[in-house]
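Colleague: Give me coordinates for this.
(chains A and B)
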2 protein chains.
Amino acid sequence: MDNEKKLVEQITPMDVDFAQWYTDIVKKAELIDYSSVRGCMIIRPYAYAMWENIQKDLDKRFKELGHENVYMPMFIPESLLQKEKDHVEGFAPEVAWVTQGGNEELTERLCVRPTSETLFCEHYAKVVQSYKDLPKLYNQWCSVVRWEKTTRPFLRTTEFLWQEGHTIHATKEEAEAETIQMLNVYADHAEQMLAMPVVRGQKTEKEKFAGAEATYTIEALMHDGKALQAGTSHYFGTNFAEAFGIQFSDKDGKLKHVHQTSWGFTTRSIGAIIMVHGDDNGLKMPPRIAPIQVVITPVAQHKEGVLDKARELKERISKIARVKLDDSDKMPGWKFAEYEMKGVPVRLEIGPKDIEKNQVVLVRRDTREKIVVSMDELETKIPALLDDIHNSMLEAAKAVRELKTSVAKTMDEFKDIVENKTGFVKAMWCGDRDCEDKIKEETGATSRCMPFAQENLSDTCVCCGKKAKHMVYWGRAY
Amino acid sequence: MDNEKKLVEQITPMDVDFAQWYTDIVKKAELIDYSSVRGCMIIRPYAYAMWENIQKDLDKRFKELGHENVYMPMFIPESLLQKEKDHVEGFAPEVAWVTQGGNEELTERLCVRPTSETLFCEHYAKVVQSYKDLPKLYNQWCSVVRWEKTTRPFLRTTEFLWQEGHTIHATKEEAEAETIQMLNVYADHAEQMLAMPVVRGQKTEKEKFAGAEATYTIEALMHDGKALQAGTSHYFGTNFAEAFGIQFSDKDGKLKHVHQTSWGFTTRSIGAIIMVHGDDNGLKMPPRIAPIQVVITPVAQHKEGVLDKARELKERISKIARVKLDDSDKMPGWKFAEYEMKGVPVRLEIGPKDIEKNQVVLVRRDTREKIVVSMDELETKIPALLDDIHNSMLEAAKAVRELKTSVAKTMDEFKDIVENKTGFVKAMWCGDRDCEDKIKEETGATSRCMPFAQENLSDTCVCCGKKAKHMVYWGRAY
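Modeller: The predicted structure is shown next:
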């Protein structure tokens, strides 16, 4: 147990220093390694396997809705980036510039894509002629670069992995429906795969994406009471289509501009998973994306028959779950601590006594509950247990969010919540940018979203007292 | 049939101008689009779906052999690139340099990765301590950039997609076995998935990878008689380990350097597929990676019952193959030409008469043979037909390669083959760089590989007449 203690002691408790707790987990659970490349991180196998499971689920959802994958160049010539005015203003200050290729000085700088609207637009302008060519529902899996001043693993890095969907449509209605549909895909994925409850809503004018008419978002709440934007979906209207000349001849014979959307989901989600579910013993992996769902740790594995039985169980369980057998010569206590740190949802213990009784012990990572199960029932009990863990984790996260969601009717209440209770603040807003700015200045909280599920908390803006237009979720955010 | 003719006439016959034939296909089959980014291409949905099928098969093979996926940064600081002398000499002249981030001038240039040995090495040096940490079997799917002067879609582009495996081992024997194992994975994938026969062998000193002890390759032969390197696997010995200080304490307590490999397979393979299988009507997709394996083209689809039956068949076939129903109002002849261009392995025709007879007509893309099949037998006939097409395409490609593989015993024979017959030249070589250089100078052919299957064609070098050491495949190459 000395080893177990040692491993656990190396994590800073989250109440002592949340930021350090987070950093400890990403290192000790072997999710990332720092590199000599400023602001970039190495995604190690355990974290990359999470990302692959996330990708697999999202990609399947996208394709079932008719989307196709493509690959666009990673470079954008400066002149192309500049075609849409708001867009370039939003991104130009934070891009990396390639100025030399081989030994030649480039005549035009190329930026490393921070996002690919401009490239998709240039392509769409060439391949779309008629309403018969619409809609185009494209998606791309890639990495993008934004030159960040301060970085944190997964949450804010110079380079990160994501998918970016870019679609064009004949009508405003279709494009708006697509924007909302994809936001719902993200929300459903977050809840059904990541066990992470999210608030669905629309960003304010101030917080929307550079070049968009409307930005929709899913917002999650972390253990420390800070909000995290976990996915966004944008409606562009014809802004880009006009800048790039993406036109089609419609059924009525008239030449029209397409209506456009884009939507993205990133490796930030891994940071959110850590901060929504983790505890002072380490990660808690949502079972449906856990790289290892069940780890078998034999007890007294040197005794005859124990390892053989463990291998037999591994073979059986591999047909129903992602399973690992740890038959290394590490002490059991050390193994327990390691897989708690890595958040493996179920630990299966098997020793000579269990074999005698034809049973195994299943230990839940989320509640640490131990369950004795007959060896004959593994094929039904394990999938049911994984589902139960998923549901419990989702409910637990919802409960934390409820506890940390408060209503503010005055600025004093607002400040008090942000300072002392933390979490989401629900408050009415008049819709004026001045009030939004003032709230940020006085409390440090930004508007997270105007939720689709509006409530009438009061008739007046929490800031200026004028007539309220929207109920808004506010909070300090990652 | 006017439309069909028009579509087909737009492809330049390969005998008239092979390069133009290739360019016509990549455009007309909607594989790529050019972009305003110099030397970069847009991989359109149809080609990207090929790549996804290639990825899926390779990734499965890698994982079955114990490899894990990771993600390394896309930037390499100049000082890191310079750590291994041969490596930097090989790559520095052809990389893209980032010199500005946001508004700041960087103090150290970053190159966009042309390959990631240096990043993997830096990471391995940190995470490996003991023989218990070995082997590390890592792989990465990403894009890389090499600043090319002249580019061609898939074959040579400034940016391309690939996977790069990087492994480290405790012993030379293990690392060498890994190098050969992964080359065989590529060869098996090429033959079993792409229907593309390849020659397996070792590169000469002149042609090996920058920094490697030994480079192994699979070489394929294109329709025009030029060779194409379709995958490589490198053994590095301890070259990088020494430069980066990757050491481990072995079982005997001694500190040792790891033995290292890397291996890569790229989107070039799509260019190879086009040039190994295509004809003057367009692409021929190898069935096992074809995005669409069966296309249903209804005949007289306005007649009652035809479209209903076509939809019913689509539903059934979707359980055994990747199927598309084209119920657009294009003329049948136009559809035929379009799917020939796109190389869909099987076209299924169904019209009122077929329905009456409870049959469908299956048309093979590779031989244009028509087969009448009972509707009751689709579930067995279609998979069998796809396998048969795969085998026929592989055999046809082998036959072409045999026809275009010649033995040269004198330099005159050598020149004659390269000039007039084209294809692979098998010839003995003394092992001296001077002869290799002279052969290239006089014939334009480079050494493709020293095949594992050596033959003793004669006792003397084709160039200098001294004692021969190796039988070599030579050829002009992409």
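
Colleague: which regions of chain A sit below the pLDDT cut-off?
Modeller: Scanning chain A for pLDDT under 70 picks out A:1-9.

Colleague: can I see the domain layout of it?
Modeller: As recorded under automatic domain parsing, the domains making up chain A are A:10-277, A:292-386, A:405-475.

Colleague: Reformat these as a markdown table; add mean neighbour count.
Modeller: No exception for glycine: its C-beta is placed from N, CA and C like everyone else's. Listed next are the domains of chain A as a markdown table, based on neighbours: other C-beta atoms under 10 Å in any protein chain shown:
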| stretch | mean neighbour count |
| --- | --- |
| domain A:10-277 | 20 |
| domain A:292-386 | 17 |
| domain A:405-475 | 18 |
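
Colleague: so which of those gets nearest chain B?
Modeller: Of all those, domain A:10-277 sits nearest to chain B, with 3.5 Å by C-beta to the nearest C-beta.

Colleague: related to what we said a few turns ago, take the domains of chain A and write them to CSV, including distance to chain B.
Modeller: As requested, those are exported to CSV (distance: least, C-beta to the nearest C-beta, whole Å):
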stretch, distance to chain B
domain A:10-277, 4
domain A:292-386, 8
domain A:405-475, 22
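
Colleague: Which among those is found nearest to B:P286?
Modeller: Smallest distance to B:P286 across the domains of chain A (C-beta to C-beta): 19.6 Å, for domain A:10-277.

Colleague: Can you check the distance spanned by that closest one, start to finish?
Modeller: End-to-end distance of domain A:10-277: 19 Å, with C-alpha to C-alpha, to the nearest Å as the criterion.

Colleague: now do stretch A:424-437
Modeller: For stretch A:424-437, the separation between the terminal residues is 17 Å (C-alpha to C-alpha).

Colleague: and what of stretch A:320-333?
Modeller: Using C-alpha to C-alpha, one end of stretch A:320-333 lies 27 Å from the other.

Colleague: Next: stretch A:411-424.
Modeller: 14 Å.

Colleague: So for chain A, which residue is the most central one in space?
Modeller: A:S269 (2.1 Å; C-alpha atoms, centre = their mean).

Colleague: Who are the packing partners of whatever helix or strand that residue lives in?
Modeller: Element membership for A:S269 (DSSP states H and E) is helix A:268-277. When contacts are defined as 3 or more C-beta pairs under 8 Å, 6 or more residues apart in numbering or on different chains; DSSP states H and E, helix A:268-277 packs onto helix A:18-28, helix A:45-64, strand A:214-221, strand A:227-237, helix A:378-403.

Colleague: Name every strand pairing with the next helix-or-strand element following the longest one and say which way it goes.
Modeller: Right, helix A:378-403. Downstream of helix A:378-403, the next assigned helix or strand under DSSP H and E is strand A:405-407. Partners of strand A:405-407 in the sheet, by DSSP bridges, are strand A:424-429 (parallel).

Colleague: What ranges does the stretch 251-400 of chain A have for its helices?
Modeller: For the stretch 251-400 of chain A, the helices defined by DSSP state H, counting those that start in this stretch occupy A:268-277, A:306-317, A:332-341, A:352-356, A:378-403.

Colleague: so how far is the longest one off the chain centroid?
Modeller: Read it as helix A:378-403. 19 Å (C-alpha atoms, centre = their mean, to the nearest Å).
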